[in-house]
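1. All I have is the shape, not the residue letters:
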Ligand SMILES: Nc1nc2c(c(=O)[nH]1)N[C@H]1C(S)=C(S)[C@@H](COP(=O)(O)OP(=O)(O)OC[C@H]3O[C@@H](n4cnc5c(=O)[nH]c(N)nc54)[C@H](O)[C@@H]3O)O[C@H]1N2
Ligand SMILES: Nc1nc2c(c(=O)[nH]1)N[C@H]1C(S)=C(S)[C@@H](COP(=O)(O)OP(=O)(O)OC[C@H]3O[C@@H](n4cnc5c(=O)[nH]c(N)nc54)[C@H](O)[C@@H]3O)O[C@H]1N2
Ligand code: SF4
Ligand SMILES: [Mo]
């Protein structure tokens with residue numbers, strides 16, 4: 001561990017990133033994978049490996065701040081309680097709202113939900129899981145009567161067919177993907193099908209890739225149902241005994257024109273691929289359909305989920321080993337949030353707003369109020385804030401200024417809201433800029449509690465360092481406010497918690513409300529954990545190994561429901577407009593507050609980038625590295641991003657990552673231009689398909705500025721002087737700004753160095769200034785500025801290595817004229833595709849292991865192995881091609 005960081009060696013906890021929920025362990029070498037955790041057996045992906053560096057959060061929040069002024073916690077929490085009390089009294093409970101996060105721990109989440117629904121009396125508490133899992137939640141509730149995922153990771157070892165639909169698992173759930181790859185090695189019969197409009201790294205590894213048109217998933221799965229009916233591959237006994245609604249679905253599906261020829265036209269895929277998939281699904285004794293945001297984030301996201309579930313119910317490939325629809329969670333505790341009931345349309349513990357649940361929940365909490373109707377869903381919530389309906393808004397562990405659709409509206413809403421409270425770990429987050437009151441939260445490693453992963457496995461996050469300054473766990477802040485509110489309102493104190501354990505036990509006891517019902521969520525056996533038992537907790541899956549294996553679903557009649565799904569949503573396209581698809585990069589986490597500052601993670605996508613196929617680019621005269629303007633049609637909104645070629649994209653389709661935020665590239669945040677459409681049932685935004693316009697930009701100067709560290713003055717300078725575009729990257733010891741201007745930048749026009757010595761050199765398309773001090777014959781470099789009339793493709797890592805170092809002028813010149821940098825493949829050892837290709841061609845490294853031996857690439861976390869294998873395969877293919 002880094003020096004000065006007092007840690008508890010031996011602590012076992014879980015990774016704070018994705019829903020795979022890997023166990024990690026703190027040992028004397030640092031943070032490593034926990035070999036005893038069932039989710040990962042010791043492996044970590046590239047983000048997990050970088051956890052130690054993530055602890056050095058820039059601009060860490062240390063004290064509560066009211067309008068920029070430090071205040072103490074007592075003052076801050078009393079002020080919040082007073083504001084809540086006042087708003088309740090003057091404008092009613094619904095004028096208060098909380099917007100929370102699947103990155104909270106179960107204890108934080110439980111207390112937040114209790115405060116809002118039981119003590120403020122409004123269900124206006126929603127969570128970023130609305131943007132993430134709410135379509136899957138709604139699909140589960142419709143089909144099963146409860147939001148429950150009926151598959152476990154170990155089922156992957158027992159299946160013959162794995163369909164990955166709308167998920168880039170190799171990048172977004174890497175350790176689960178490694179498990180899938182191992183299952184394929186063990187079982188050569190296991191087939192993997194990927195359904196994704198993009199040819200992702202995951203798709204490239206599949207036995208079959210169906211590059212369907214955006215949002216045509218329902219057509220594909222309804223077509224599958226029709227095929228299964230025609231081929232008599234449905235399980236009539238299962239349908240008869242355990243489901244209802246099949247007749248209506250059959251009527252709908254047979255009435256639609258789902259012939260194979262019509263399907264291939266609507267889906268845009270070859271007939272042979274389609275029938276292969278249908279035959280595999282029909283004939284395989286087992287099948288799992290793993291799905292994520294390509295399914296959930298759509299106008300018909302809930303219907304997409306139900307069309308997948310329909311196929312599993314119709315074939316009886318559910319609730320048994322190796323089978324089932326497997327919605328994978330994104331955030332580490334998305335599932336825990338669903339368990340406590342943190343969504344505005346759930347009351348608590350898998351219960352909705354029926355009279356019986358309302359009574360039971362209020363009695364359990366013994367609370368003065370109770371929300372009796374669903375509250376506002378995230379997008380509606382921010383619209384209400386913007387209308388002025390919400391007087392107090394508390395945002396916790398989420399950065400909606402970047403992650404919500406229509407950023408402009410969110411910013412406006414936060415400006416209008418009279419009192420905005422933000423709990424965060426850093427003052428740099430985009431949302432923190434809008435806070436009246438900023439609360440310093442204890443972050444990962446500094447706090448403790450429970451999280452539930454994708455397979456319903458509840459694990460302990462444990463504390464191993466002390467929080468800095470006055471940072472406190474979120475549950476503590478909420479409880480302080482709750483207690484003061486109870487005093488002000490002279491009600492019984494529902495928040496006198498002394499520890500996380502007490503909260504967890506209360507939550508577990510509350511799930512006991514389900515024990516005499518058809519609901520399966522029941523953790524009440526853990527309601528009396530002692531402190532020791534809570535500390536010693538081992539990762540535990542709740543529910544049976546295969547929930548619903550007794551054939552009893554959670555609907556009152558015990559039957560699962562077939563749902564008639566709508567296949568609209570795939571319609572488009574005008575010549576001028578492009579379909580913008582958004583999602584994740586392998587090495588960044590969301591809005592970059594925890595990963596943007598880590599050099600080797602920042603290196604794989606160094607600036608805001610829009611991906612496009614070679615063919616589409618050449619039709620529009622667009623070149624790699626060129627700056628483009630991306631426009632939301634009929635709106636003022638536009639952003640700028642640089643072109644990169646990705647031949648995995650279809651014509652008229654582009655992809656951009658959701659990450660760009662804050663100092664790193666906040667002006668290029670993609671949600672400024674995505675549409676605000678949501679699924680009408682779940683309220684989940686359709687982030688995966690917006691129609692946009694793309695224009696080349698007339699750039700006169702492209703620039704690169706390298707200095708020892710981030711400097712807010714540089715940002716301010718770029719903002720003030722009408723630069724079209726700017727992005728910042730942390731790279732080892734230095735900070736790198738990239739920018740563009742529609743004017744030619746004159747020599748010596750800007751510099752941020754204390755030295756007075758500048759060397760300016762003409763380079764082919766522009767000039768370069770080195771700001772330095774002289775040391776004898778040598779130079780000590782302070783900063784470097786490159787300006788060119790062409791996109792700058794030079795190897796910037798050589799340039800950045802110069803800052804702070806002593807060198808000769810001739811050395812400087814060689815570096816400056818060096819060639820293009822190549823694409824980073826292995827972040828851990830910084831190995832590029834150029835180096836890998838060179839090793840294959842010139843050093844006979846024609847296998848993965850030969851490359852690993854020579855370059856070390858892929859030998860640390862393994863996240864890049866699929867990409868290395870892909871380069872090896874394409875070399876093999878090109879060699880075979882040239883031989884034949
Ligand atoms: N590295 C990294 N990993 C992460 C995260 C991160 O920020 N960084 N975040 C975590 C979180 S919170 C989440 S929710 C998950 C998300 O995990 P994923 O859902 O796997 O990731 P995304 O990149 O959002 O989108 C998945 C794929 O959906 C495809 N898609 C788009 N439209 C359609 C469509 O109409 N049909 C189909 N079938 N596919 C479509 C996209 O092309 C994309 O490849 O990742 C988690 N893991
Ligand atoms: N265009 C587009 N937009 C998307 C998506 C997409 O695919 N495309 N995906 C959506 C999805 S699935 C998701 S999950 C969201 C994610 O979006 P967000 O939730 O907005 O993203 P994060 O960057 O994870 O925000 C977490 C915030 O909490 C802070 N934080 C970290 N730890 C703690 C803590 O312990 N306590 C507190 N109080 N704060 C903490 C971080 O500094 C950060 O500011 O984005 C959504 N937006
Ligand atoms: S797969 Fe990676 S990001 Fe996800 S929990 Fe495991 S180590 Fe963390
Ligand atoms: Mo998510």
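-> That came through fine. Keep in mind that what you see is a predicted model, and the values were worked out from it rather than measured. Ligands and ions are numbered 1, 2, ... in the order given.
2. if I look at residue 376, how far off is residue 109?
-> Relative to residue 109, residue 376 is positioned 18 Å away (criterion: CB to CB, to the nearest Å). C-beta coordinates here come from the backbone N, C-alpha and C atoms, glycine included.
3. The two: who's more crowded?
-> Comparing residue 376 with residue 109 by other CB atoms under 10 Å, the one with more neighbours is residue 109, at 35 against 25.
4. For the helix or strand harbouring that one, which helices and strands make contact with it?
-> With elements delineated by DSSP states H and E, residue 109 resides in helix 106-113, which encompasses its position. Helices and strands touching helix 106-113, by 3 or more CB pairs under 8 Å, 6 or more residues apart in numbering; DSSP states H and E, are strand 96-100, helix 334-340, strand 449-452, helix 474-489, helix 500-511.
5. Return the set of buried residues in the last one.
-> Residues of helix 500-511 classed as buried under the neighbour-count rule (16 or more other CB atoms under 10 Å) are 500-508, 510-511.
6. can I get the helices and strands packed on helix 106-113 in JSON lines with mean pLDDT and distance to residue 150?
-> As requested, those are exported to JSON lines (pLDDT from 0 to 100; distance: least, CB to CB, whole Å):
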{"stretch": "strand 96-100", "mean pLDDT": "98", "distance to residue 150": "27"}
{"stretch": "helix 334-340", "mean pLDDT": "97", "distance to residue 150": "13"}
{"stretch": "strand 449-452", "mean pLDDT": "98", "distance to residue 150": "15"}
{"stretch": "helix 474-489", "mean pLDDT": "98", "distance to residue 150": "30"}
{"stretch": "helix 500-511", "mean pLDDT": "98", "distance to residue 150": "18"}
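7. looking at the ones you listed, which is closest to ligand 1?
-> Relative to ligand 1, the nearest member of the helices and strands packed on helix 106-113 by CB to the nearest ligand atom is helix 334-340, separated by 7.0 Å.
8. Give me the contacts around that closest one.
-> Contacts of helix 334-340 from elsewhere in the structure, counted by CB atoms under 8 Å, 6 or more residues apart in numbering, are 19, 100-102, 104-106, 109-110, 113, 127, 129, 132-133, 137, 147, 149, 329, 343, 346, 348-350, 450-454, 456, 458, 507, 511, 521.
9. Would you confirm that residue 101 contacts residue 397?
-> Yes. Applying CB atoms under 8 Å, one finds residue 101 in contact with residue 397, separated by 3.7 Å.
10. For residue 583, give its distance to residue 379.
-> Spatial separation of residue 583 from residue 379 under the definition CB to CB is 19 Å.
11. same deal with residue 34?
-> Between residue 34 and residue 379 the distance, using CB to CB, works out to 38 Å.
12. So those two - more neighbours on which side?
-> residue 34 (26 against 22).
13. Contact partners for that one?
-> The neighbourhood of residue 34, defined by CB under 8 Å, 6+ apart, consists of 12, 22-25, 40, 42.
14. Any idea which residue is closest to the centre of the chain?
-> Nearest to the mean C-alpha position of the chain, by CA atoms, centre = their mean, lies residue 590 at 5.2 Å.
15. That residue falls within a strand, correct?
-> No. Secondary structure of residue 590, determined by DSSP: H, G, I helix; E, B strand; the rest coil: coil, with no strand assignment.
16. Let me see the contact set for it.
-> Residues counted as contacts of residue 590 (CB under 8 Å, 6+ apart) are 399, 403, 658-659.
17. Dump those to a markdown table, plus pLDDT, distance to residue 122 and secondary structure.
-> Putting those into a markdown table (pLDDT from 0 to 100; distance: CB to CB, whole Å; DSSP: H, G, I helix; E, B strand; the rest coil) gives the following:
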| residue | pLDDT | distance to residue 122 | secondary structure |
| --- | --- | --- | --- |
| 399 | 98 | 23 | coil |
| 403 | 98 | 23 | helix |
| 658 | 98 | 30 | coil |
| 659 | 98 | 33 | coil |
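18. out of those, which are buried?
-> By the neighbour-count criterion of 16+ other CB under 10 Å, these include these buried positions: 399, 403, 658-659.
19. for the closest residue to residue 72 other than its chain neighbours, what are its contacts?
-> By the measure of CB to CB, 6 or more residues apart in numbering, the closest residue to residue 72 outside its immediate chain neighbours is residue 64, 6.9 Å from it. Under the criterion of CB under 8 Å, 6+ apart, the contact partners of residue 64 comprise 70-73, 75-76, 437-440, 470.
20. The nearest residue to residue 558 once chain neighbours are set aside: neighbouring residues, count only.
-> In space, and not counting its chain neighbours, residue 558 is closest to residue 552: 4.6 Å by CB to CB, 6+ apart. The local packing of residue 552 (other CB under 10 Å) involves 17 other residues.
21. could the buried residues of helix 500-511 go into JSON lines alongside distance to residue 433?
-> Conversion of the buried residues of helix 500-511 to JSON lines gives the following (distance: CB to CB, whole Å):
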{"residue": "500", "distance to residue 433": "30"}
{"residue": "501", "distance to residue 433": "36"}
{"residue": "502", "distance to residue 433": "35"}
{"residue": "503", "distance to residue 433": "31"}
{"residue": "504", "distance to residue 433": "34"}
{"residue": "505", "distance to residue 433": "38"}
{"residue": "506", "distance to residue 433": "36"}
{"residue": "507", "distance to residue 433": "34"}
{"residue": "508", "distance to residue 433": "38"}
{"residue": "510", "distance to residue 433": "37"}
{"residue": "511", "distance to residue 433": "39"}
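22. show me which of these neighbour ligand 4.
-> Contacts with ligand 4 within the buried residues of helix 500-511, as defined by CB under 5 Å from the ion: none are present.
23. can you pull the contacts of residue 269?
-> With contact taken as CB under 8 Å, 6+ apart, residue 269 is in contact with 210-212.
24. For the residue in the stretch 601-750 of the chain that ligand 1 sits nearest to, give me its contacts.
-> Nearest residue of the stretch 601-750 of the chain to ligand 1 (CB to the nearest ligand atom) works out as residue 688 at 3.6 Å. For residue 688, the residues meeting the contact criterion (CB under 8 Å, 6+ apart) are 166, 214-215, 293-294, 297-298, 581-583.
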